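Undergrad: sequence first, then the predicted structure:
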Amino acid sequence: MTGSKRAVLFDTGLGAGRISAIVGRLTALPVTALNSHTHFDYVSGNREFADVRNLDESYSLASARGEVTDSLRAYASATLDADHVC
């Protein structure tokens, strides 16, 4: 979704490719990535964006507290910090 001042990318996908390159071809506006939840296949492209937000969902909040399996923890990053959960 593109507004007049910024764009929103809803979920960043599996991270198999560079989603930011595709987004950059679609808009020159600053992009906020908004995650519907924090399963790895929805957030693995987060590292490509400076502004990433997660919804106030029980799974996302548990992830932000570090309550994830070791395998999923590898996919978590600063996007799960408390100040990024909205």
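TA: Done, it's in. Note that this is a predicted model, so its numbers are computed, not measured.
Undergrad: hey, let's count contacts and neighbours off CA atoms from now on
TA: Fine.
Undergrad: so where's this structure uncertain?
TA: For the chain, residues meeting the criterion pLDDT under 70 lie at 55, 61, 63-69, 71-86.
Undergrad: can you map out the helices along it?
TA: With DSSP state H as the criterion, the chain has helices at 19-26, 40-43, 58-64, 70-73.
Undergrad: which residues does the longest one contact?
TA: Residues outside helix 19-26 that contact it (C-alpha atoms under 8 Å, 6 or more residues apart in numbering): 12-13, 45, 48-49.
Undergrad: give me the residue at the spatial middle of the chain.
TA: Closest to where the C-alpha atoms of the chain average out (C-alpha atoms, centre = their mean) is residue 46, at 4.0 Å.
Undergrad: compute the distance between that one and residue 4, please.
TA: Going from residue 46 to residue 4 by C-alpha to C-alpha, to the nearest Å gives 23 Å.
Undergrad: what's the spacing between residue 31 and residue 6?
TA: Separation of residue 31 from residue 6 (C-alpha to C-alpha) stands at 6 Å.
Undergrad: who's more crowded, these two?
TA: For residue 31 versus residue 6, neighbours defined as other C-alpha atoms under 10 Å are more numerous around residue 31 (21 against 13).
Undergrad: give the closest residue to that one in space, chain neighbours not counted.
TA: In this structure, residue 31 finds its nearest non-sequential neighbour in residue 7, 4.7 Å apart by C-alpha to C-alpha, 6 or more residues apart in numbering.
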